[in-house]
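*Asks:* can't give you the sequence, but here's the structure:
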Ligand SMILES: CCCCCCCC/C=C\CCCCCC(=O)SCCNC(=O)CCNC(=O)[C@H](O)C(C)(C)COP(=O)(O)OP(=O)(O)OC[C@H]1O[C@@H](n2cnc3c(N)ncnc32)[C@H](O)[C@@H]1OP(=O)(O)O
Ligand SMILES: Cc1cc2nc3c(=O)[nH]c(=O)nc-3n(C[C@H](O)[C@H](O)[C@H](O)COP(=O)(O)OP(=O)(O)OC[C@H]3O[C@@H](n4cnc5c(N)ncnc54)[C@H](O)[C@@H]3O)c2cc1C
């Protein structure tokens, strides 16, 4: 594994772990990156972007005031954007996530401990221009946006509504006299709220508003709106804009609010790929599917699965390396204190994080490929696969973000007190990832979208109609007997599918019972939503497990024997872990016995011991440079205590021997003179 400094002194425990590792680390790096070519290109990009030291700060971000933090983040965003236009442009021809490759996105993390104020520009503004504009509109806006001549964001959520998009209150009323739309915020709750970069950075934004023309409301539509002067950056008349204040994370993203007072924009600024308003005010629907204006959200949900896999890889790297150098307690009085990584409970906390990072990474690539296929079909006017894809991307977004946030927090627990230090890197990772569970569609809300699809699919299966691929297992839901338990990987995956089918069946039965008892369909659905969320979660677990397993078998077909073994151990660990987490469900819906579960627990514990010698090798294989980790605990060299002390000494509190607070408050209080 290449590191920036080849002459570094490595902590002896970490060196010992690396010597113990029995598989080829680079081969696993290639699997995680999606191939050797991708690894080579990633390294080139990282070398160009990071070797100059431009990502470093003289003073740690955490010691800056909010204003300094923001300005510093803008400074570095501009450096990085300029690099992207110049040095990195040619290198970024990787298998790309549309606008910019995920590698470019990830490399940017070296520049920010929180996030770039440009995140929404690249993450949503540019993708909306690409996905919602006519070709003419695109040819006008896209070059300006890609060249960063204009900077934009995505302002959909309002103070009063985020989830329920149809409930948004901002209006865009067409005036045929002037051929303009009049944007207006009729209430306080209609103010746009949350958009990243809106507070101070952007001069344009996508605004989602209720479209009125000829006195009729046509629902929400996207508009491109200039909000600040292109030269002075002063907010334009009719615009009320500002920053929303401190948050749990995202503090360098200047999330903002925005209100309109009868603010006029040209007719052409409605994004007209899916629907148009003609000069005379006639509304023309172009798209075949009513939800295509939600396209940017679907895109980001897909991207987020990859994003959280990467952040989980970072947290597990930090926690595993730290657990290898940290020694604590003395279970055997005559022996030295063990590395905490030797405790089986510690392995239980950490190895699932490594396995989940792999599972989500592989699922994200698979999801991206499915998305590309859906987009290609839609280009030809066919939207048949969209409902299944919406159900799939919704549940994968919900489960991947929720699992990653939980496991990153578990990594923090695994690092004891030092994990609570900002300098460990884990709190910032957690603050970032916990927000992903909420934004771009809340966890529960998205799982309920998947549940709608599952219930419909169940009814199709009942009627013996054909099923789409991700729910084909529902065809076996009516055998009348419980699924046969079998602890092979394929057997466990079948059991996960049986759980999902069984839970969906319970929901349908309960809803029907409730409706027979007099509840309306809406109320019967509402009363069943706890179970519907559980069914969607079970479905998603089955999809992840199945995809992870199939992809690993495919990707390791030509791997060296030890890589095959260790990758197989990780996938098996994932399956055992979730089977043991769901024992109650397995007892309900499969033939598993108490003895089978006791045996599975033992097999799981034995698997942890088998993975243990390769744990550091596995996180080294994520190949995350120190610049990306921002961590005193997780650096490649393992100089944990030295780094903790170096960071502590940087605290502005240590600048003077006696704090001003002594003479101002402590002394007067202690001398009884306060
Ligand atoms: C690579 C470079 C970029 C790097 C990127 C880094 C990653 C980070 C990037 C950016 C940071 C992002 C910051 C956060 C930004 C935001 O949060 S933007 C705001 C996001 N907001 C939401 O996600 C709102 C969530 N709400 C909804 O999506 C919808 O309101 C709803 C789905 C919950 C309900 O919609 P509604 O219109 O009320 O529909 P329903 O009546 O429930 O359903 C009707 C049918 O429509 C189907 N449907 C719904 N959505 C879709 C869709 N997107 N596609 C296809 N179909 C959809 C739904 O299933 C129903 O179908 P049936 O009637 O057949 O059941
Ligand atoms: C860091 C961050 C950045 C963001 N950036 C942007 C941005 O750039 N642009 C933008 O437009 N928005 C942005 N958002 C807003 C984000 O998209 C919304 O907060 C998110 O979609 C959730 O909506 P909400 O806040 O209305 O939550 P609510 O819908 O009010 O959710 C509150 C609770 O109610 C529950 N709930 C709501 N509806 C239902 C239902 N139908 N059934 C069951 N339970 C329900 C939810 O599960 C949740 O538990 C951002 C948010 C955050 C936190």
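*Replies:* Nice, thanks for sending it over. Everything numeric in this text was worked out from a predicted model, so none of it was measured. Numbers count the residues shown, from 1 in each chain. Ligands and ions are numbered 1, 2, ... in the order given.

*Asks:* Please make it C-alpha for all contacts and neighbour counts, starting now.
*Replies:* Noted.

*Asks:* so where's this structure uncertain?
*Replies:* 1-7, 92-100 (pLDDT under 70).

*Asks:* which helix is the longest one in it?
*Replies:* Identified as the longest helix of the chain according to DSSP state H is helix 344-379.

*Asks:* What's the local residue count around residue 200?
*Replies:* By other Cα atoms under 10 Å, 20 other residues sit near residue 200.

*Asks:* Can you name the residues that contact it?
*Replies:* Residues in contact with residue 200, defined by Cα atoms under 8 Å, 6 or more residues apart in numbering, are 242, 243, 254, 256.

*Asks:* The third one is in contact with residue 70, isn't it?
*Replies:* Yes - judged on Cα atoms under 8 Å, residue 254 makes contact with residue 70 at a distance of 7.4 Å.

*Asks:* ok, these two, which is more surrounded?
*Replies:* residue 254 (29 against 22).

*Asks:* did I read that right, the more buried one in a strand?
*Replies:* No - per DSSP: H, G, I helix; E, B strand; the rest coil, residue 254 lies outside any strand segment and is coil.

*Asks:* Excluding chain neighbours, what is closest to residue 624?
*Replies:* Leaving aside its chain neighbours, residue 624 sits nearest to residue 314 (7.1 Å; criterion: Cα to Cα, 6 or more residues apart in numbering).

*Asks:* Tell me the spacing between that neighbour and residue 151.
*Replies:* 29 Å (Cα to Cα, to the nearest Å).

*Asks:* tell me the SS of the residue of the stretch 301-450 of the chain found nearest ligand 2?
*Replies:* The nearest approach of the stretch 301-450 of the chain to ligand 2 comes at residue 439, 3.9 Å away (Cα to the nearest ligand atom). Under three-state DSSP, residue 439 falls in the coil class.

*Asks:* and if you look at residue 290?
*Replies:* Judged by three-state DSSP, the three-state class of residue 290 is coil.

*Asks:* What's the local residue count around it?
*Replies:* The local packing of residue 290 (other Cα under 10 Å) involves 11 other residues.

*Asks:* same thing with residue 611?
*Replies:* Neighbour count of residue 611, defined by other Cα under 10 Å: 20.

*Asks:* Repeat that for the one 4 residues further on.
*Replies:* Applying the criterion other Cα under 10 Å, we find 26 residues in the vicinity of residue 615.

*Asks:* where's the closest residue to it other than its chain neighbours relative to residue 345, distance?
*Replies:* Spatial nearest neighbour of residue 615, chain neighbours left out: residue 320 (7.1 Å); criterion: Cα to Cα, 6+ apart. In this view, residue 320 and residue 345 are 13 Å apart by Cα to Cα.

*Asks:* out of the two, which sits in the more crowded spot?
*Replies:* Between residue 320 and residue 345, counting by other Cα under 10 Å, residue 320 is the more crowded of the two (31 against 13).

*Asks:* what residues are up against the residue of the stretch 301-450 of the chain closest to ligand 2?
*Replies:* Residue 439 neighbours (Cα under 8 Å, 6+ apart): none.

*Asks:* Could you check how far it is from residue 347?
*Replies:* Between residue 439 and residue 347 the computed distance is 31 Å (Cα to Cα).

*Asks:* rewinding a little: so the residue nearest to residue 615 touches residue 619, yeah?
*Replies:* Yes - counting by Cα under 8 Å, residue 320 does reach residue 619; the two are 7.2 Å apart.

*Asks:* Give me the phi and psi for residue 179.
*Replies:* Residue 179 adopts backbone torsions of phi 60, psi 50, taken as degrees, to the nearest 10.

*Asks:* and it, what does it touch?
*Replies:* Residue 179 makes contacts with 266, 267, 279, 280, as judged by Cα under 8 Å, 6+ apart.

*Asks:* residues from this structure in reach of ligand 1?
*Replies:* 97, 99-102, 105, 119-120, 122-123, 156-157, 162-166, 291, 294-295, 297-298, 300, 303-304, 386-387, 390, 439-441, 445, 449, 452 (Cα under 6 Å from any ligand atom).
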